[in-house]
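S.K.: Sequence plus predicted model, see below.
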Amino acid sequence: MRRPPRPRLLADLTPLRASRDFRLLFAGNSVSYLGRQLTIVAIPFQVFTITKSSLAVGMVGLVTLLPLVTLSLAGGAIADAVDRRKLLLVTQLLSAATSAGLAVNAGLSSPRLWPIYVLAALSAGLAGVDLPTRGAMIPRMVGHELLPAAFALGQIQFQIGQVLGPALAGVIIGQISLAAAYWIDVVSFGAAVAALLMIAPQPPEGGGTRASLASVGEGLRYLKGRRLLVSTFLIDIDAMVFGMPRALFPALGTGFFGGGAATVGLLYAAPGAGALVGALLTGWVGRVRRQGMAVIIAVLVWGAAIAAFGLVPWLPLGLLMLALAGAADVVSAVFRNTILQLSVPDALRGRLSSVHIAVVTGGPQLGDAEAGAVAALTSARFSVVSGGVACMVGVLALVRFVPELARYDALAHTRRSDG
């Protein structure tokens, strides 16, 4: 009698073995993403050092929101019109230039505040083009069956960067300088560029659709009436706007927890550490049919863990709560991305990926502004706790008004698509 296959726990590496192009994309981005995390930590730390204001740190998220959202939508349309590999080469080179500008400013005897905001906004806009382009390439590289495993590997890649990057940033900033953190980011882009040069051309299927306002509108109109897809965006907005306290990490690390740059770095690294563990244990994701329900449960856990983080006075326990939140977030991210990519034709993947990226990256920017504003009116801890509670309330409201997400069955959807 044939035994059923043993449940898989560790992440499935099949996409890396099966696709040379995915392997190259994964390797190059792993290095550049690690370098990018140094800048992501250095910017808010430098702003807080200059201003001593959590509100000013939160404003970094606000000033980056508009270019992130607008260029993400435009970037998705461009990704559906041109060779996606060439587009990524351009965004990587320009992103390196923004980090070089931040390094030059940080090296001045009296660094100015306004260049940090301007260059952060430019960098966010470029990310808005880069990320949907990258996401639109993956389904054709690995195929539909390996898509959940590929996105889980992407989460491992990102979370390794978010664990090592912030911790490394704290050491580099504290022991060397802010400028050094920015310069290391500049150098890391070289790995991504080298990998992209070895990847085969990636034109969109059917020759592409000319990038224009009309093509952007076509992508947005695709969402009309597709409540399931819209719900995957709304639940992430809820989690990130209300339950993302990262703008408060400099104040909490240096004030409430009584540390310095290293403590701030640990706070930024903790969610990534939890997400990394969660991503490494994603061998089970390919067997989940009720993917929408998995998203709902994961976001509820995220909100509860964030609220608990705001209540605990002991740093190790606080880091554990942030790690738990990160593990829940990675589960949500894998299934939300899978639902999106399996529901959208290749000709529209760039544009719909751009909406996804605008939500995924724009939500935390709004969350920074929300957390900073509430903290300015009350306190940093109240901002964290109230945000986590609001996140959970938002999830329950979404389940009530959009039941399609809880009912989503991946196997049934795939059968309908194939038929």
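M.R.: It's in.

S.K.: which secondary element of this structure has the worst mean pLDDT?
M.R.: Least confident helix or strand of the chain, by mean pLDDT, DSSP states H and E, is helix 410-418 with a mean of 57.

S.K.: May I see the buried residues of stretch 246-256?
M.R.: By 16 or more other Cβ atoms under 10 Å, the buried positions in stretch 246-256 come out as 246, 247, 248, 249, 250, 251, 252, 253, 254, 256. C-beta here means a position set from N, CA and C on the backbone, and glycine is covered the same way.

S.K.: tell me the SS of the fifth one?
M.R.: When the structure is reduced to helix, strand and coil (DSSP: H, G, I helix; E, B strand; the rest coil), residue 250 reads as helix.

S.K.: Run through the residues that contact it.
M.R.: By Cβ atoms under 8 Å, 6 or more residues apart in numbering, residue 250 lies in contact with 44, 45, 48, 54, 57, 264.

S.K.: Run a quick check on the fourth one versus residue 247, I expect a contact.
M.R.: Yes - when contacts are counted by Cβ atoms under 8 Å, residue 54 is listed as touching residue 247 (6.2 Å).

S.K.: shared neighbours, the two?
M.R.: Contacts common to residue 54 and residue 247, judged by Cβ under 8 Å, 6+ apart, are 371, 372, 375.

S.K.: Neighbours of the first one, how many?
M.R.: For residue 371, the tally of surrounding residues (other Cβ atoms under 10 Å) stands at 30.

S.K.: My guess is it contacts residue 387. True?
M.R.: Yes - using Cβ under 8 Å, residue 371 makes contact with residue 387 at a distance of 6.3 Å.

S.K.: Mutual contacts of these two, please.
M.R.: 244, 245.

S.K.: Packing partners of the helix or strand encompassing residue 179?
M.R.: Counting by DSSP states H and E, the element that carries residue 179 is helix 178-198. The contact analysis (3 or more Cβ pairs under 8 Å, 6 or more residues apart in numbering; DSSP states H and E) places helix 178-198 against helix 20-51, helix 84-106, helix 147-175.

S.K.: Next, the angle from the last one to helix 20-51.
M.R.: Meaning helix 147-175. 40 degrees (axes from the mean of the first three to the mean of the last three Cα atoms, to 10 degrees).

S.K.: quick one: helix 147-175 to chain centroid distance?
M.R.: From the chain centre to the centre of helix 147-175 is a distance of 11 Å (Cα atoms, centre = their mean, to the nearest Å).

S.K.: What is it packed up against?
M.R.: Partner elements for helix 147-175 (3+ Cβ pairs under 8 Å, 6+ apart): helix 14-18, helix 20-51, helix 114-142, helix 178-198, helix 261-280, helix 315-343.

S.K.: tell me which residues of it are tucked away?
M.R.: In helix 147-175, counting by 16+ other Cβ under 10 Å, buried: 147-170, 172-173.

S.K.: And the longest one, by the same measure?
M.R.: Of the residues in helix 20-51, those with enough neighbours to count as buried (16+ other Cβ under 10 Å) are 21-48.

S.K.: any low-confidence regions in the stretch 301-419 of the chain?
M.R.: Scanning the stretch 301-419 of the chain for pLDDT under 70 picks out 346-347, 361-362, 410-419.

S.K.: Please report how far residue 115 lies from residue 389.
M.R.: Taking Cβ to Cβ, to the nearest Å as the measure, residue 115 and residue 389 are separated by 37 Å.

S.K.: check contacts around the closest residue to residue 37 other than its chain neighbours.
M.R.: Closest residue to residue 37 apart from its sequence neighbours, by Cβ to Cβ, 6 or more residues apart in numbering: residue 165 at 2.3 Å. Residue 165 makes contact with 33, 34, 35, 36, 37, 38, 40, 41, 269, 272, according to Cβ under 8 Å, 6+ apart.

S.K.: so residue 243 touches residue 367, yeah?
M.R.: Yes - using Cβ under 8 Å, residue 243 is in contact with residue 367, at 7.3 Å.

S.K.: okay, those two: which has more neighbours?
M.R.: The residue with more neighbours, out of residue 243 and residue 367, is residue 243; 31 against 24, by other Cβ under 10 Å.

S.K.: Skipping adjacent residues, who's closest to the more buried one in space?
M.R.: That would be residue 391: by Cβ to Cβ, 6+ apart, it lies 3.7 Å from residue 243.

S.K.: Pretty sure residue 239 is one of the things that neighbour touches, is it not?
M.R.: Yes - counting by Cβ under 8 Å, residue 239 is a contact partner of residue 391 at 5.4 Å.

S.K.: tell me, what's touching the two both at once?
M.R.: By Cβ under 8 Å, 6+ apart, the residues touching both residue 391 and residue 239 are 299, 302, 303.

S.K.: Where neighbours are concerned, which of those residues has the most?
M.R.: residue 302 (28 neighbours).

S.K.: what sits against that one?
M.R.: Residue 302 touches 239, 243, 325, 328, 329, 332, 391, counting by Cβ under 8 Å, 6+ apart.

S.K.: The first one: what's it in contact with?
M.R.: Same thing as residue 239. With Cβ under 8 Å, 6+ apart, residue 239 has these contacts: 299, 302, 303, 329, 332, 363, 391, 394, 395.

S.K.: next one: phi and psi at it?
M.R.: phi -70, psi -40 (degrees, to the nearest 10).

S.K.: Against residue 392, how distant is it?
M.R.: 10 Å.

S.K.: Identify the residues contacting the nearest residue to residue 41 once chain neighbours are set aside.
M.R.: Nearest non-adjacent residue to residue 41, counting by Cβ to Cβ, 6+ apart: residue 169, 3.8 Å away. When contacts are counted by Cβ under 8 Å, 6+ apart, residue 169 touches 37, 38, 40, 41, 42, 45, 181, 265, 268.

S.K.: can you rerun that using 10 Å?
M.R.: By Cβ atoms under 10 Å, 6 or more residues apart in numbering, residue 169 lies in contact with 37-42, 45, 178, 180-181, 184-185, 261-262, 264-265, 268-269.

S.K.: same check, this time on residue 168
M.R.: Per Cβ under 10 Å, 6+ apart, neighbours of residue 168: 34, 35, 37, 38, 41, 161, 181, 184, 265, 269.

S.K.: Now the two most distant members of those.
M.R.: 184 and 269 (16.3 Å; Cβ to Cβ).

S.K.: Fine by me, thanks again.
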